[in-house]
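A.B. asks: sequence and predicted structure are below.
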Amino acid sequence: MRPVSRIGSAGLAFYFWAFVLFLFAPLVVLLIFSVNSSPTPTLPLSGFSTEWFHQAFSNAELTGALVRSVFIALVAAAIATALGIVASLGLMALRGRALSMALTLLLLPLVVPYICLAVGLLILVEVLGSGPSLIAVVLGHCVIVLPFAILVIMPRLRSLDPAMNEAALDLGASSFAALRLITLPLLAPALVSSGIICFVTSFDEFAIASFLAPSGQPTYPVFLYASARTPALLPEVIAVGALIIAGSLLLVMLAEGGRRWAELRLVGANADTESVQSEAEDDQPPATVAMASG
Amino acid sequence: MSSTAVDPARENDPGTQQADAQAVRIGTGQVSLVALTKRFGTFTAVDAIDLEIPAGGFFSLLGPSGCGKTTTLRMIAGFEEPTSGQVLLDGRDLVRTPPSKRPVNTVFQSYALFPHLRVFDNVAFGLRRAGVARDEVRRQVGEALELVQLSGYAGRKPGQLSGGQQQRVALARALVLKPAVLLLDEPLGALDAKLRRQLQVELKQLQAQVGITFVYVTHDQEEALTMSDRIAVINHGRIEQAASPKDLYEEPANAFVADFLGVSNLMDATVAGPAGTGARVNLSDSFPVDVLRGDIALRGPVKVVIRPERIGIEPADSPGPNRVPGLVSNVVYLGSSLQLAIHLASGHAVSALVPNTGEEAASAWAPGMTVSCYLPPASLRILAPDQAPTGQASAGVLAAQRPAGAAG
């Protein structure tokens, strides 16, 4: 490592703080205006108030959209993570060209614009005659979050000693018992990560939900988009936005704690603190990403 | 997978503890491989092996990496399906039996302990799969841990154990099921030299104690010689020789075995004709020697082999038959012995071990000295020439860096 000059290090510090400001300014603005008493988000601030939170939660349409989104995200995350496990197990058996072809196919939704997928799905449900429904939203979200699940689960699965599974078989376990008792518990940290990423992605998703959610049953982002253009609703939207930021932060911290607990369980209770320390440093970027997208 | 935290050793009735774990299993655990073949694509890993592994013995599959020994072991365990041939256990063909149903257990090279389960639950895994009652599981796990001297460690996670302890847990986990055959895939490979030597002795004692057939895969000839009742030397998917350690060392069937089983001097030579009960062999035109052992009926070009510790180093121009002058090119001090690299006048490079009997002996030889090498007729063997790498300069000189090999 070459020592950085004084100017260089000042420049780096400036860059860092500018980046942090850029990243967090919108969130901070949202938090500030959520407790501002004025109904329009303009400066100067007019005084502290929790009125908008009360109003937001007495708005049945808004809470309905919120609950709908949470439910859809939970189901999509559960299905995608389950499919992700199966897909990753299948991919383990492939090598070379077959592997890269299968991976490309499974990860395709990552590069296809959601809006195109949304249009395609809408046409599909119309052709099938079922029309827009919340189930269609869930299925659409499963398609787009499955790549995330695979990208999180597969590396973990590959890092497991293949002899572990063989040892379970050798000791008399059926293939299913080996999966249930050995492979899945060892995958637990990855499953937690996968669940969170899928949940947050689905909760946040706008394009597919706006095409496939039946009218009168919008998901939260769809409702938010519509109401942000109604000035009277804007303070409530801001208040809920602030709550979601706080909630995301809490979720990420809880999940991180859970993941670390699962990791610790694998190596034993008094794992050396050094590895935990270095892990904590590695964890910053994903936490920030998840928060920003929430 | 919940189980209450108890010290299993204390739980047990001390009277009945040892009896079951050491149940005598004479007559079961005999493995026969019949024309066993495994091909991966165009590569033949195991090439029509026929092998008898006697019941209750310590049997080693010895060979260089990639020779097919691990593949053979995995076919016995059931992780690889043979391309053709049979794996017979006490006369019954196992090929169609899945690994979970074979009365055979494996100790893996990586141990493959389940990191999320405590030592107790690792060892109990197989018993619980077999539906053994809870109290019985506790008793048998306690016995197995006692057998490998880990009674106090039942509550730990594998990550909290040293390599040697993990290795013992892997052993206990496999032995607790009382398999007919225990397969061990280089189980000591990851340990340091001192611990390895200690565990070699323990493993051998353990095998004698439990009486289960051990099939042990290793590339370490010293390990195989130390522990085994019988060894099969494998090369390129074929068995070069299967015999007792002593027979392998003393009566190698071919140049590969002679070379692989420790340091050997292999010399190209020509058999001139019979001489007494042996044969007269020309190491080169002007250096005939008498050879009493090996394929003494062979004629023409052959290999002649002699162990380094059997070469007598004498002052230059010592009189008598079977003596070849040589030039000492290198002396390596090994502590208990000296290893001399010698260029023989016949054109061969050999290495010789001289016991370090005292300070005088230790300083008697130095590079550049001319000596006379006595090659006793009873220590020289004639082997058919084969495709194995010959032991010219490379084997002798390289071998000089490997002191452990010669002890046998």
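C.D. replies: Yep, that arrived.
A.B. asks: and residue 80, what's its pLDDT?
C.D. replies: Using chain A. At residue A:80, the pLDDT value in this model is 94.
A.B. asks: sorry, I should have been clearer: chain B.
C.D. replies: At residue B:80 the predicted local distance difference test score is 91.
A.B. asks: measure how buried the residue lying closest to it once chain neighbours are set aside is and give me the count.
C.D. replies: Computed as C-beta to C-beta, 6 or more residues apart in numbering or on different chains, the closest residue to residue B:80 that is not its neighbour in sequence is residue B:74, at 4.3 Å. For the C-beta atoms, the positions are set from N, CA and C on the backbone; glycine is no exception. Counted with other C-beta atoms under 10 Å in any protein chain shown, the burial measure for residue B:74 works out to 21 neighbours.
A.B. asks: make sure residue B:74 is indeed in a strand.
C.D. replies: No: secondary structure of residue B:74 (DSSP: H, G, I helix; E, B strand; the rest coil): helix, not part of a strand.
A.B. asks: distance of it from residue B:185?
C.D. replies: Using C-beta to C-beta, to the nearest Å, residue B:74 is found at 8 Å from residue B:185.
A.B. asks: list the contacts for residue B:383?
C.D. replies: B:252-255, B:258, B:266, B:294-295, B:302-305 (C-beta atoms under 8 Å, 6 or more residues apart in numbering or on different chains).
A.B. asks: and it, how far is that from residue B:185?
C.D. replies: Distance from residue B:383 to residue B:185, counting by C-beta to C-beta: 31 Å.
A.B. asks: cool, and residue B:65?
C.D. replies: Separation of residue B:65 from residue B:185 (C-beta to C-beta) stands at 12 Å.
A.B. asks: break chain B down into its domains, please.
C.D. replies: In the domain annotation for chain B, the residue ranges read B:2-250, B:266-383 (automatic domain parsing).
A.B. asks: any idea of the mean pLDDT for the last one?
C.D. replies: Domain B:266-383 shows a mean pLDDT of 87.
A.B. asks: so what's the gap between that domain and the chain middle?
C.D. replies: Computed by C-alpha atoms, centre = their mean, to the nearest Å, the chain-centroid distance of domain B:266-383 equals 27 Å.
A.B. asks: and what of stretch A:23-30?
C.D. replies: If you compare the mean C-alpha spot of stretch A:23-30 with that of the full chain, they lie 19 Å apart, counting by C-alpha atoms, centre = their mean.
A.B. asks: same question for stretch A:151-166.
C.D. replies: The chain centroid and the centroid of stretch A:151-166 are separated by 23 Å, computed with C-alpha atoms, centre = their mean.
A.B. asks: pLDDT (mean, whole number) over that stretch?
C.D. replies: Taken as a whole, stretch A:151-166 has an average pLDDT of 91.
A.B. asks: repeat for stretch B:107-114
C.D. replies: Per-residue scores along stretch B:107-114 average to 92.
A.B. asks: only alpha carbons, please: show it as PDB.
C.D. replies: Extracted in PDB, the C-alpha atoms of stretch B:107-114 (Å, rounded to 0.1, in the frame of the first residue of the first chain):
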ATOM      1  CA  VAL B 107     -14.100 -42.300   7.600                       C
ATOM      2  CA  PHE B 108     -13.700 -39.500   5.100                       C
ATOM      3  CA  GLN B 109     -10.500 -37.700   4.300                       C
ATOM      4  CA  SER B 110     -12.100 -34.400   5.200                       C
ATOM      5  CA  TYR B 111     -13.900 -36.200   8.200                       C
ATOM      6  CA  ALA B 112     -17.100 -34.700   6.900                       C
ATOM      7  CA  LEU B 113     -18.400 -34.100  10.500                       C
ATOM      8  CA  PHE B 114     -21.700 -32.300  10.600                       C
END
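A.B. asks: mind listing what's buried in that stretch?
C.D. replies: Of the residues in stretch B:107-114, those buried under the neighbour-count criterion (16 or more other C-beta atoms under 10 Å in any protein chain shown) are B:107-114.
A.B. asks: identify the farthest-apart pair in the residues you listed.
C.D. replies: Farthest-apart pair in those is B:109 and B:114; separation 16.1 Å (C-beta to C-beta).
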